[in-house]
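**Student:** Structure of the sequence below:
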Amino acid sequence: MTNPGRLIAFAGLLATFFLAGCGAGNSGDVPAAPPGNVPAGPNSFLLFPNPQQQPDGTLQTDSVAYAQAYYRAIDPNNDKDTLAKWKTANNFDSGTGTQVAVVFGDVRDLGYGRRMTARQNVDGTIAIMVENFLVRTGVAYVYSRLNLDAAVLQDRRWHDTTNAIEFSPGPGGGASFVKFFNFDVATGQRLTTVDLDGRGQKAMPSVCVVCHGGRGDPLTPPDATGQPLFPLVENSVSRKRGDLQARLMPLEVGTFDFSAASGFTRADQEAALKQINRMVLCSYPIPAASVFAEDACRRPATFTEYRGTAAAFIKSTYGGDGLPNATYADTLVPAGWAGQPSLYQSVVAPSCRSCHFVRGIGFQSDIDFDTLAKFQGFADRIKVHVFDRGNMPLAKIQYDDFWRSNQPDTLASFVQGLGFVARDGAGAVLRPGRPVADPGPDRTIPQGPTNLSASGSLFSNTFTWSVVSGPDGAVPPVSVLLANGTSAQATFNASANGIYVVQLVTGDGTTQSAPVQARLVVNNLLAPAPTAIRFSDIKTILQTAGCTACHTPGGPPPVLFANVDRNGDGVIDAADDLWFYADVRGRINFTDLVASPLLRKPSGNHHAGGLRPGFDTSALPGQAARANYDLFLNWILNGAPQ
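**Tutor:** Numbering: from 1, shown residues only. Prediction:
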């Protein structure tokens with residue numbers, strides 16, 4: 001049984017962890033970002049759209065604490081805490097296995113001249129080291145041929161970062177999974193942060209995982225030593241902490257720049273580039289038996305894991321099954337895009353595919369964008385991330401290239417055609433950086449004072465609230481219902497039941513946002529009161545709304561809702577509930593509330609379990625059909641207390 005005193009201390013440690021700022025790391029503290037505009041805009045590149053925002057506004061996945069917990073999980077004995085030790089552990093230059101090196105310019109993504117050495121060991125493990133060269137000329141962050149030249153010449157004055165990635169078993173053995181490292185170019189010491197795009201330090205491994213198809217789950221409560229633990233993804237094959245279900249990325253050779261120097265031309269390196277892509281292919285599980293030699297190294301995929309959309313891409317670039325072609329050629333248009341091949345080739349392939357085709361699982365792969373239908377299904381989020389928040393495409397160079405091209409116009413027409421506003425009144429494409437108002441979602445509230453928050457608004461510093469209508473369409477005196485109506489935090493106070501519509505307009509000092517309205521359904525019999533909702537109420541719904549049919553040990557989802565021994569102490573008790581709370585809280589996107597998986601999934605958005613009872617958002621707030629959604633939403637709006 002759990003000691004009560006230890007449990008109290010355990011809860012205190014969790015609260016402290018949620019409220020604490022970032023600790024110091026080898027590359028300096030990761031700066032805290034203000035709540036309300038995160039992640040949005042130019043400093044949000046390479047961050048998870050749900051970065052696990054903590055109550056103090058810091059982002060957990062972009063914290064040194066997150067990186068430290070990660071390396072405790074994947075390298076508990078610090079066997080790989082220097083580049084030299086990492087290379088030794090992965091048998092570099094040993095004479096066994098297969099080892100190749102290539103040099104190219106990373107034109108599209110990070111802008112580096114890259115010197116990449118990859119090896120596949122006889123036991124099937126794969127390790128790739130990349131020395132990145134960046135010639136700092138004082139101009140804007142763009143790709144320069146000088147970066148490629150520096151990589152070819154190995155001019156160490158411009159050796160900016162050394163990154164490494166491996167596909168290998170975790171501590172104690174078992175199935176292999178992908179791991180990420182960054183090493184100091186001078187000392188070889190492993191670092192917890194890295195600056196990949198000239199926009200400041202960001203924490204490992206999230207800065208890599210975000211584009212390698214992995215997850216950004218929250219840290220679990222501290223162990224007996226007081227250290228937070230890295231998540232254990234419940235449906236992962238490896239069953240190891242630190243397995244983020246990330247993937248090795250194919251080399252999209254057609255996007256690279258190559259030197260004219262002998263030995264470094266594309267023709268000189270084509271065979272080595274193909275060999276690296278064969279290695280990457282080996283890291284992907286395969287959904288069905290294959291007779292082709294390149295698939296012999298792939299293990300069978302389970303029902304709950306990624307099936308390898310990127311694998312089909314690699315094969316297509318070398319002529320299909322058997323990889324008959326010696327040279328890379330990307331002409332792929334997936335069968336599911338036959339209806340709009342130009343949209344795929346002009347937008348998805350250059351700006352979306354590289355991150356998305358390593359996303360998804362066999363059970364549900366909607367987000368891999370392998371079909372037009374999948375892409376259409378995310379039109380609402382495309383509108384938000386591309387045209388409002390401006391945090392996709394995720395890499396700065398790719399983002400700039402996107403906005404310099406005709407891609408925004410093509411994508412805006414697509415989004416507009418599905419009913420989402422992506423152009424202004426004059427027909428111009430909306431660009432991120434303009435004020436975007438967010439008064440919060442439609443919701444049900446009791447009579448009396450209720451806080452209204454504009455913290456979800458973007459690029460705004462002025463706020464104007466108004467009451468558009470009250471019960472029966474009448475417009476009550478604003479002075480009676482609103483206090484602090486020109487601040488980000490206003491107070492709404494209704495003394496009568498009914499439906500009220502409030503409106504928010506924000507500005508940045510020169511430009512005003514479009515007005516956005518929210519429906520408030522006042523019900524004085526609302527129970528429990530929003531401020532009284534606790535995790536126990538949420539847990540009850542999760543365990544009675546049909547969720548545990550899938551969210552159970554052995555099931556496909558990554559979060560368990562059944563009562564299980566989460567901390568492995570042999571009993572199921574309050575300590576496991578605390579762990580359960582941390583998992584569920586991690587399904588809330590506090591930077592973009594309506595995007596929270598905890599709200600979107602049970603209400604039928606990209607959820608293989610479909611619509612759950614009480615989560616029908618086509619109903620009005622307060623109606624029985626969405627009673628559970630309303631309760632979840634009010635809990636989140638109150639900070640999701642434990």
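**Student:** Distance of the residue nearest to Arg298 when sequence neighbours are not counted relative to Lys396?
**Tutor:** Distances taken as CB to CB, 6 or more residues apart in numbering place Ile286 nearest to Arg298, at 4.1 Å, with adjacent residues excluded. (C-beta placed from N, C-alpha, C; glycine too.) Distance of Ile286 to Lys396, computed by CB to CB, to the nearest Å: 35 Å.
**Student:** Endpoints of stretch 244-251, how far apart?
**Tutor:** Using CA to CA, to the nearest Å, the end-to-end distance of stretch 244-251 comes to 21 Å.
**Student:** Tell me where the stretch 201-350 of the chain has helices.
**Tutor:** Secondary structure of the stretch 201-350 of the chain, counting by DSSP state H, counting those that start in this stretch: helices at 206-209, 266-282, 309-317, 341-343, 349-351.
**Student:** what's the following helix or strand after the last one?
**Tutor:** If you walk from helix 349-351 toward the C-terminus, the next helix or strand you reach (DSSP states H and E) is helix 353-356.
**Student:** So Leu229 sits against Ala73, correct?
**Tutor:** Yes. Between Leu229 and Ala73 a contact is recorded at 7.2 Å, counting by CB atoms under 8 Å.
**Student:** Comparing these two, which shows the higher neighbour count?
**Tutor:** Ala73 (21 against 18; other CB atoms under 10 Å).
**Student:** which SS class is that one?
**Tutor:** helix (DSSP: H, G, I helix; E, B strand; the rest coil).
**Student:** That one and Lys240 touch, don't they?
**Tutor:** Yes. Contact criterion CB under 8 Å: Ala73 and Lys240 qualify, at 7.5 Å.
**Student:** Ala349 - how many residues pack around it?
**Tutor:** Around Ala349 there are 22 residues (other CB under 10 Å).
**Student:** Contacts only, for it.
**Tutor:** By CB atoms under 8 Å, 6 or more residues apart in numbering, Ala349 lies in contact with 330, 332.
**Student:** Distance check, it against Asp370.
**Tutor:** When Ala349 is compared with Asp370 (using CB to CB), they lie 12 Å apart.
**Student:** same thing with Phe402?
**Tutor:** With distances taken as CB to CB, Phe402 is found 21 Å from Asp370.
**Student:** hmm, back to that, which neighbours do Leu229 and Ala73 share?
**Tutor:** Both Leu229 and Ala73 are in contact with Arg241, where contact means CB under 8 Å, 6+ apart.
**Student:** which residues touch Arg156?
**Tutor:** Shown in contact with Arg156 (CB under 8 Å, 6+ apart): Val185.
**Student:** From Pro55, how far out is it?
**Tutor:** From Arg156 to Pro55 the distance is 44 Å (CB to CB).
**Student:** ok so, going back, between Ile286 and Lys396, tell me which one has more neighbours.
**Tutor:** More crowded of Ile286 and Lys396, by other CB under 10 Å: Lys396, with 22 against 19.
**Student:** if I read this right, the more buried one contacts Ser44, doesn't it?
**Tutor:** No. In this structure Lys396 lies outside contact range of Ser44 using CB under 8 Å: 10.1 Å.
**Student:** Could you list the low-pLDDT ranges of the protein?
**Tutor:** 1-42, 139, 477-479 (pLDDT under 70).
**Student:** Please, which helix or strand holds Phe615?
**Tutor:** With DSSP H and E as the criterion, the answer for Phe615 is that it lies in no helix or strand.
**Student:** same check, this time on the one 3 residues further on
**Tutor:** Following DSSP H and E, one finds Ser618 outside all helices and strands.
**Student:** burial of it, as a residue count?
**Tutor:** 10.
**Student:** One more: the one 10 residues further on?
**Tutor:** Per other CB under 10 Å, the neighbour tally for Asn628 reads 23.
**Student:** quick one, what contacts the spatially closest residue to it that is not a sequence neighbour?
**Tutor:** Of all residues not flanking Asn628 in the chain, Gly614 sits nearest, at 3.0 Å (CB to CB, 6+ apart). When contacts are counted by CB under 8 Å, 6+ apart, Gly614 is found next to 541, 545, 624-629.
**Student:** try 10 Å
**Tutor:** Applying CB atoms under 10 Å, 6 or more residues apart in numbering, we find Gly614 in contact with 541, 544-545, 602-603, 623-632.
**Student:** same thing with Ser290?
**Tutor:** Counting by CB under 10 Å, 6+ apart, Ser290 touches 296, 298, 321.
**Student:** Compute the distance between the residue nearest to Asn628 and Asp630, please.
**Tutor:** 8 Å.
**Student:** Find the residues that touch each one of these two.
**Tutor:** Taking CB under 10 Å, 6+ apart as the criterion, Gly614 and Asp630 both touch 623-624.
**Student:** quick one: the strands in the stretch 51-200 of the chain?
**Tutor:** Taking DSSP state E, counting those that start in this stretch, the strands of the stretch 51-200 of the chain run over residues 98-105, 113-120, 126-133, 159-170, 173-183, 193-194.
**Student:** Include mean neighbour count and distance to Gly216 when you put those into a markdown table, please.
**Tutor:** Below are the strands of the stretch 51-200 of the chain laid out as a markdown table (neighbours: other CB atoms under 10 Å; distance: least, CB to CB, whole Å):
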| stretch | mean neighbour count | distance to Gly216 |
| --- | --- | --- |
| strand 98-105 | 20 | 29 |
| strand 113-120 | 23 | 25 |
| strand 126-133 | 23 | 22 |
| strand 159-170 | 20 | 17 |
| strand 173-183 | 22 | 13 |
| strand 193-194 | 24 | 16 |
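**Student:** Let's have those in JSON lines, adding distance to Gly509.
**Tutor:** Below are the strands of the stretch 51-200 of the chain laid out as JSON lines (distance: least, CB to CB, whole Å):
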{"stretch": "strand 98-105", "distance to Gly509": "40"}
{"stretch": "strand 113-120", "distance to Gly509": "41"}
{"stretch": "strand 126-133", "distance to Gly509": "39"}
{"stretch": "strand 159-170", "distance to Gly509": "37"}
{"stretch": "strand 173-183", "distance to Gly509": "39"}
{"stretch": "strand 193-194", "distance to Gly509": "33"}
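**Student:** nearest to Asp424, of those strands?
**Tutor:** strand 98-105 (36.9 Å; CB to CB).
**Student:** Give the other helices and strands that that closest one contacts.
**Tutor:** Packed against strand 98-105 by the contact rule (3 or more CB pairs under 10 Å, 6 or more residues apart in numbering; DSSP states H and E) you find strand 113-120, strand 126-133, helix 145-153, helix 266-282.
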